[in-house]
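K.L.:
mind folding the following:
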Amino acid sequence: MSADDRHVEGYCPMGCGRTLFLAEGGYITCSYRLCPKRDAVADIIADKITEHVVWFGESGFTIRHPLRERLGDQLLECALHEYAVNLDGPPVAPGKYRATARTDGGWAWEAMTE
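P.N.:
Numbering: from 1, shown residues only. Predicted structure coming up:
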């Protein structure tokens, strides 16, 4: 397999440019030797969680959005963020949760272990 055959379209998420290639074992890797995390793409797409993950504290929250929300800038119109920012306090005990949209417009919270 030639180097051209192993080239992967796209950009290194670490800012290295069009440096991606298909490495041994099928892992997408950055070819730039000084890249701070050459396996960043492989790590990102290896994440099996495809729903929102929310960390609720006593008075705030942090959301890790699913990758699909990067498509068409859906992240900028996230219904979960809109819901959470308008709460008076956390809807569940402080902790880490998987959030799944319910058909009634609300959210289901599944506690996650670290």
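
K.L.:
so which residues of the protein form strands?
P.N.:
Assigned by DSSP state E, the strands in the chain fall at 20-22, 28-30, 52-56, 61-64, 95-101, 107-111.

K.L.:
out of those, which gets nearest to V85?
P.N.:
Each of those was scored for nearness to V85 using C-beta to C-beta, and the closest is strand 61-64 (8.3 Å). In short, each C-beta sits where N, CA and C put it, glycine included.

K.L.:
one step back: winner for burial among the strands of the chain?
P.N.:
Scoring these by mean neighbour count under mean count of other C-beta atoms under 10 Å gives strand 28-30 as the most buried, with a mean of 22.

K.L.:
what's the mean pLDDT across that one?
P.N.:
The average pLDDT for strand 28-30 rounds to 97.

K.L.:
and this protein, what are its domains?
P.N.:
Per the record, the chain has its domains at 3-46, 52-111, by automatic domain parsing.

K.L.:
hang on, the earlier thing: rebuild the strands of the chain as a markdown table, extending it with distance to P36.
P.N.:
Output for the strands of the chain, formatted as a markdown table (distance: least, C-beta to C-beta, whole Å):
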| stretch | distance to P36 |
| --- | --- |
| strand 20-22 | 15 |
| strand 28-30 | 9 |
| strand 52-56 | 24 |
| strand 61-64 | 21 |
| strand 95-101 | 26 |
| strand 107-111 | 33 |
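
K.L.:
now do the same contact list for A99.
P.N.:
Neighbouring residues of A99 by C-beta atoms under 8 Å, 6 or more residues apart in numbering: 51-54, 63, 80, 107-110.
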